[in-house]
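# Model the structure of this input:
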Amino acid sequence: MSEQLSMDRILKDKMINSFGEPHLACALLLDTSQSMGVGNRAIDSLNEGIKRFKDSVTADPIARNRVDVALIAFNSQVDVISDFVPIDQMPTPDLEADGMTDMAQGIQTAIDLVKRRTNMYHSLGTPCHKPWIIMITDGLSTSTEDDMQKAADRIHEEEAKGSHGRLSFWALGIDDYDSDELFKLTKRVLELRDQDFSGIFDWFSESMACISQSQVGEHVDFGILPENARKAVKDRTIDEDWD
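Predicted structure coming up:
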């Protein structure tokens with residue numbers, strides 16, 4: 001308990017020292033169910049992508065001081081690997097794949113962390129950009145239909161608050177993910193045609209840097225997606241080929 005209080009004080013002191021600088025909270029919500037470990041390709045690439053994301057954002061001097069990241073993994077249960085910390089203090093664990101896919105509880109946990117972090121910004125008088133949650137998954141949720149509906153309703157509620165919403169929820173699908181399920185959660189659905197996360201994590205890193213350098217509420221144009229990623233369509237059966 002005392003260790004956690006000490007960490008909270010360190011983080012608050014850091015933000016107080018950067019008072020006036022807008023901060024951006026980004027939660028990485030990662031599917032670590034058993035299917036992500038088939039052949040070890042997806043989970044290994046995901047681990048490398050997380051490291052790449054940290055290195056890229058940390059290399060930007062402005063983003064390094066303004067971007068805070070949380071790591072949440074979900075399979076049969078939800079594991080908060082790290083609550084929000086400055087990007088240069090973010091751990092880079094070697095995730096292992098096992099279990100089912102309790103997506104709904106993962107979503108609820110990520111939103112809880114984001115809201116708590118946003119309240120902390122407000123209590124310190126620290127300006128903050130709209131937080132991001134980036135969920136990466138390769139398959140169907142094993143949560144109940146009712147729990148998934150509650151998770152979807154909560155995302156929609158948070159995205160609708162205020163004139164521009166209070167949350168940006170992104171879903172990245174790989175392999176045999178269900179696009180219909182992800183579109184029930186958000187309109188921001190991306191997909192990979194393979195299991196190489198390097199390019200998409202570069203895109204996320206660049207997006208974090210662009211937002212961190214902007215004014216709160218300012219419109220930001222993001223770069224071009226990597227060649228192995230694209231915006232998803234609701235019915236994948238009508239658009240299986242890549243351009």
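
# From here on, just use CA atoms for contacts and neighbour counts.
OK.

# who touches stretch 146-160?
Stretch 146-160 is contacted by residues 103-105, 107-108, 111, 165-169, 184-186 when judged by Cα atoms under 8 Å, 6 or more residues apart in numbering.

# how about the strands in this structure?
Taking DSSP state E as the criterion, the chain carries its strands at 24-31, 67-74, 78-86, 132-137, 168-173, 189-192, 229-231.

# export these to a markdown table and tack on distance to residue 160, mean pLDDT and mean neighbour count?
Output for those, formatted as a markdown table (distance: least, Cα to Cα, whole Å; pLDDT from 0 to 100; neighbours: other Cα atoms under 10 Å):
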| stretch | distance to residue 160 | mean pLDDT | mean neighbour count |
| --- | --- | --- | --- |
| strand 24-31 | 18 | 98 | 25 |
| strand 67-74 | 23 | 98 | 24 |
| strand 78-86 | 23 | 97 | 19 |
| strand 132-137 | 14 | 97 | 22 |
| strand 168-173 | 10 | 96 | 22 |
| strand 189-192 | 17 | 96 | 21 |
| strand 229-231 | 22 | 95 | 18 |
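
# In JSON lines: those, plus distance to residue 154.
Below are the strands of the chain laid out as JSON lines (distance: least, Cα to Cα, whole Å):
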{"stretch": "strand 24-31", "distance to residue 154": "16"}
{"stretch": "strand 67-74", "distance to residue 154": "18"}
{"stretch": "strand 78-86", "distance to residue 154": "18"}
{"stretch": "strand 132-137", "distance to residue 154": "13"}
{"stretch": "strand 168-173", "distance to residue 154": "11"}
{"stretch": "strand 189-192", "distance to residue 154": "17"}
{"stretch": "strand 229-231", "distance to residue 154": "23"}
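
# Which parts of the chain are helices?
Remark: helices assigned in the chain by DSSP state H are 2-17, 41-59, 61-66, 103-124, 145-160, 179-185, 198-212.

# Contacts only, for the most centrally placed residue in the chain.
Closest residue to the average C-alpha location of the chain: residue 134 at 2.4 Å, with Cα atoms, centre = their mean. By Cα under 8 Å, 6+ apart, residue 134 lies in contact with 26, 27, 28, 29, 169, 170, 171, 172.

# All set, thanks.
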